[in-house]
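>>> Starting from these lines, generate the structure:
(2 chains)
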Amino acid sequence: MPRPGFVLDVDRSTPPTLFWRGEGFSLERLPADRSRIIYPPEPLAGLDNLDGHIRDALLNPLDMDPLPELLKPDMKLTICFDDASLSLPKMQRPDNRQRIIEAVLDMAAEAGVDDVHIIAALGLHRRMHEYELRHVLGDRIVDAFLPKGYLYQHDAEDPDNLAVIGHTDEGEILEINKRAAESDLVVYANVNQVAMDGGWKSLTTGLASYRCLSVHHNPASLQNTRSLMDRHHSALHKSIWRMGKLLRDSGPKVFQVETTINTEAFPAPFEFLAKREWEWTAKDRSLFLASSKSLNKLPNRTKRKIFHNIEAPYRTTSVHAGFTETVHEKTLENVYKQHIVEVEGQTDILTMGIPFISPYNPESIMNPILVMCMGLGYLFNMYRGKPLVREGGVVIMTHPTYEEFHPVHHPSYIDFFDEVLADTTDPAEMSTKWEKKYAEDEWYRHLYRTSYAYHGVHPFYAWYWGAHGQQHAGKVIIVGGYAAAVRKLGFTPASTMNDALEIASDTVGRSPTISHLHVPGVLVADVK
Amino acid sequence: MKALQIKRNVGKFGAARMLGAMSPAGAAKVGPLEFRSIDDPECPGDGWHRVRTRLAGICGSDLSLVAGQASTYFDDWVSFPFVPGHEVVGELMDDDHADMAAGTRIVLEPVLGHAARGADLPFDGAHPADGDDYAHLAVTSPQGVEPAIQTGFCCSTGGGWAPWFWAHESQLHALADNAVDFPDERAVLIEPFAGGIHAALLAAPPLADVDQPVVAIIGAGTMGLAAVAGLRRYVPGVRIVVGARYPHQRALAQSFGADVVVPAAEIDRAVRREVGCHMLGNGESGPLSGGAHVTIDAVGSDASLADSLRITKPRGRVVLLGMPARVDLDLTGLWHREIELKGAYTYGTETLADGTTTSTFALAIDTVTALHAEQLVSATYPLLDHVDAIEHAATAGRRGSVKIAFDLRDHA
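A predicted model of the protein is given here:
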């Protein structure tokens, strides 16, 4: 029986706590008697016979007819799937998306459907490399569909292949992939790792155009998203759900298949990362020492290769299919069951270790903008109710924050860092002053469409993702970061955790209370 | 008198060349530059006046010479042994000038032009560097002035790295009497600023009728900064993008009027952002599909020239301001993009945007005054400490400096 999440009050006997530092980690000792460490629940048990559960979900969907009854020989069927931003790290093969799509294709074949397209719903993310498609979909699907052009990636900048579904009651445009819009049935294959994802967000962002995404991917929405993991208090999700209603009423029929996975993210020899430190065995301590010392001696490129090659032994905890909203409610129940930790009250400081990966750098570099996005966007938002840190408090992160960028994946990030952040770190100001130029830059557009680059506007979105955290925190400190880069982000560099706490005392006094968000795994703090 | 002098000595040039790349100070110690007693140069004739040096700057071309890196191209355009120093502010020593009394502070226009050599002017009102035939520079003048492009490379005249030298009246520009209002440190920058402004004005013709012209400047040492100032003051409506290696250079470029200033390695991206073109390759150091309308290369190295050809638009112009000597360069880009490579040596008579003509030196005097260019003089040294001075000048950027000069005012 997996143990639930846990809040440990730090005392003098508490061993040092693990912090991610990009492609490495450190142990930090937090002040006794005023610090607490929030540990995630242990990984939930997975489903046995996953393929059977998927088939069962397709045959017994929620609030929709069974999939075989929706499949007709002369229909247009479009299958969409989450891109490489899920899961993190990537799951061991076969990926859930492969399992789902193979099951759907089997049923489609039985029904005589021959007009089938498979589309990677990547929104404004970079296109997936073929080896990533093979990892997610398996060789059988790729070999059957890719050469014939029936497996491809959504292009948010292809005006000929976008269609306007309409406008919501609040005037928000919904413009999505034309093939999907004109299909008789769209099946969406999802892997749900956090509560932010899934639901109407899958299709209305994954298949959307820039102008459609910009309706809710903006500073105003993100600053009023409290939090990204709580869709009922998220301006972003409210906008998306309005689009979902429009899609339901005026768009193609959507058959949503969502799966949830547990938090078993690291295979041997990195299993110790998810353990509670006081339960580390001698072997765990040896592995920690050996791996951290070895990693310290390796160049960044090699370290990245090691970490990005990790394939997570996740277990799937639920599968639901059918009407998007009903399915997603079930999904959220399961996601929260895995992630929720009840926490009493806020503290003056929130500490967090920033890992080597975020949704926007699979197989890539965690550049400084993504450090901000991961810290103030994702990890800060791992709450329901209230943030873990009080308004005006201090967020302390640990990460090397090197000034390194992947030139193929993140070309506009480089310019954003050099040009936009040199001018302003204010989301609203950069949105007004700079966003259009980047969104409409022909070179970025070309690279997004033909190479493996994130859309030109994407660094803005990554920055907006942290807008709520940025607005909420009185100060942000990065421990161990390259000072010039940290300052450019608008944050304060510190050499050690003790230095960071000393710097923080200017904002929160000499004896602040501290929460440490233990990563890995994944948790959502339900702050009362 | 005791002066710094360079003799033709193949061994010393070779030693300096070997050491120069590693140690500018080492090159200064073993190379051809020596601090020694020299015979006073004889008066070349009528129209020549003795000038007492007050400040004499150290220029990139001086450093090339001292480090044995100068091109053999100039072999017939210098005369050994010579006293270097062509960025000079001084004062007339004698009362033998019709319009200037002894003690008048002057700045030297160092080119030994037609008037200084007794040759016919190429046109009425020509300035020393004007003209389309350099024959007069390569022959001994009727007055006996040996071949040399400028004072500072001529055995007959002496140069600024000595307590005094001979200057022709065509080379003299009188300065305001009051050294407080117009300090020597400002005056010593007139000559390099004239060079930078000349380069800026050479950038102007291709920009005519261009909507939103963009000029990139690679390098922000003294010459690059002067080019920034020249563009901002005399080429209206241009967007100036500067790539500079050091933070203090970037701050100065910004204060002199550059619109966008970035670290040197980022200039390709900065230019791309300005003009909105593509960058080819994998996003790292590939050529731009378009580019700056004009690039001013104020470095003159293999790398800066290669960058210039990458970031200048097809059928654009590269103005070569930094003295290049021998470079290893792939010219495919120049050929393919039909780029015009334009040298920018010294100064002369300039035509401004409004059609008026003037001398570059007059523009430079206005410019150094407007910018309080004395802020660029980072350190001065006595001649005796020439090794330290040379080392400082050769490493000025990384030491947070811009212009290094010899200070001979205590010789007065």
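>>> List the residues that contact residue 161.
Because you didn't say which chain, this covers chain A. Listed by C-beta atoms under 8 Å, 6 or more residues apart in numbering or on different chains, the contact partners of A:Asn161 are A:155, A:177-179. For glycine as for every other residue, the C-beta is placed from the backbone atoms N, C-alpha and C.
>>> sorry, should have said chain B
Applying C-beta under 8 Å, 6+ apart, the residues contacting B:Trp161 are B:3-4, B:53, B:56, B:83-85, B:152, B:383, B:386, B:406.
>>> So the residue of the stretch 1-150 of chain A found nearest chain B: helix, strand or coil?
At 12.3 Å from chain B, A:Arg126 is the closest residue in the stretch 1-150 of chain A, using C-beta to the nearest C-beta. Under the three-state scheme (DSSP: H, G, I helix; E, B strand; the rest coil), A:Arg126 adopts coil.
>>> Show the model's pLDDT score for it.
With respect to pLDDT, A:Arg126 scores 98.
>>> now it: how far from A:His410?
8 Å (C-beta to C-beta, to the nearest Å).
>>> Spell out the secondary structure type for B:His363.
One thing to correct before we go on: residue B:363 is Leu, not His. B:Leu363 ends up helix, using three-state DSSP.
>>> what touches both of A:Arg126 and A:His410?
A:453-454.
>>> ok, the closest residue to A:Val508 other than its chain neighbours - contacts?
Leaving out its chain neighbours, the residue that sits closest to A:Val508 by C-beta to C-beta, 6 or more residues apart in numbering or on different chains is A:Asp348, at 3.9 Å. Contact analysis of A:Asp348 by C-beta under 8 Å, 6+ apart lists A:389-390, A:393-394, A:504, A:508-509, A:512-514.
>>> I only care about the contacts of A:Asn161 that end up buried; give me the ChimeraX line for that.
Those of these that count as buried under 16 or more other C-beta atoms under 10 Å in any protein chain shown are selected in ChimeraX with:
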select /A:155,177,178,179
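>>> Which of the contacts of A:Asn161 fall in strands?
A:Asn177 (DSSP state E).
>>> can you list the contacts of A:Asn161 in JSON lines and add distance to chain B and pLDDT?
As requested, the contacts of A:Asn161 are exported to JSON lines (distance: C-beta to the nearest C-beta, whole Å; pLDDT from 0 to 100):
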{"residue": "A:Asp155", "distance to chain B": "18", "pLDDT": "98"}
{"residue": "A:Asn177", "distance to chain B": "26", "pLDDT": "98"}
{"residue": "A:Lys178", "distance to chain B": "27", "pLDDT": "98"}
{"residue": "A:Arg179", "distance to chain B": "28", "pLDDT": "98"}
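>>> okay, the contacts of A:Asn161 in TSV with distance to A:Ala109 next?
Below are the contacts of A:Asn161 laid out as TSV (distance: C-beta to C-beta, whole Å):
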residue	distance to A:Ala109
A:Asp155	27
A:Asn177	23
A:Lys178	25
A:Arg179	20
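>>> Out of the contacts of A:Asn161, which comes closest to A:Arg231?
For the contacts of A:Asn161, the residue nearest A:Arg231 by C-beta to C-beta is A:Asn177; the value is 23.1 Å.
>>> what number of residues lie near the closest residue to chain A within the stretch 151-300 of chain B?
Across the stretch 151-300 of chain B, the shortest distance to chain A (C-beta to the nearest C-beta) belongs to B:Gly283, at 3.6 Å. Residues contacting B:Gly283 under the criterion other C-beta atoms under 10 Å in any protein chain shown number 21.
>>> Quick check: it vs A:His406, distance?
9 Å.
>>> Could you find the closest non-adjacent residue to B:Cys59?
B:Cys59 sits nearest to B:Glu87 (C-beta to C-beta, 6+ apart), 5.7 Å away.
>>> where does the one you found land on pLDDT?
Value for B:Glu87, per-residue pLDDT: 98.
>>> Quick check, central residue of the chain?
In the absence of a named chain, chain A is used. The centroid of chain A falls nearest to A:Pro359 when counting by C-alpha atoms, centre = their mean (4.3 Å).
>>> actually it's chain B I care about, not the one you picked
Short answer for chain B (C-alpha atoms, centre = their mean): B:Pro192, at 4.3 Å.
>>> OK, contacts around that one?
With C-beta under 8 Å, 6+ apart, B:Pro192 has these contacts: B:57, B:59, B:87, B:222-223, B:226, B:403.
>>> Find the nearest non-adjacent residue to residue 269, please.
If you meant another chain, say so; for now it's chain A. A:Pro269 sits nearest to A:Leu287 (C-beta to C-beta, 6+ apart), 5.2 Å away.
>>> not quite, I wanted chain B
Nearest one to B:Arg269, counting by C-beta to C-beta, 6+ apart, is A:Asp415 at 5.7 Å.
>>> Is that neighbour in contact with B:Arg273, as I believe?
Yes - between A:Asp415 and B:Arg273 a contact is recorded at 5.7 Å, counting by C-beta atoms under 8 Å.
>>> The strand or helix carrying the residue nearest to A:Val508: how far from the chain's middle?
Using DSSP states H and E, A:Asp348 falls within strand A:347-355. How far strand A:347-355 lies from its chain's middle: 18 Å, per C-alpha atoms, centre = their mean, to the nearest Å.
>>> for residue 377, phi and psi?
No chain in the question, so chain A it is. When read as degrees, to the nearest 10, the backbone of A:Gly377 gives phi -90, psi -70.
>>> switch to chain B, that's the one I care about
According to degrees, to the nearest 10, B:Val377 has phi -80, psi 110.
>>> Run through the bridge partners of it.
Beta-bridge partners recorded for B:Val377 (DSSP bridges): B:Lys403.
>>> What is the burial count for it?
22.
>>> Can you give me the neighbour number for the residue nearest to B:Cys59?
Neighbour number of B:Glu87 under other C-beta under 10 Å is 29.
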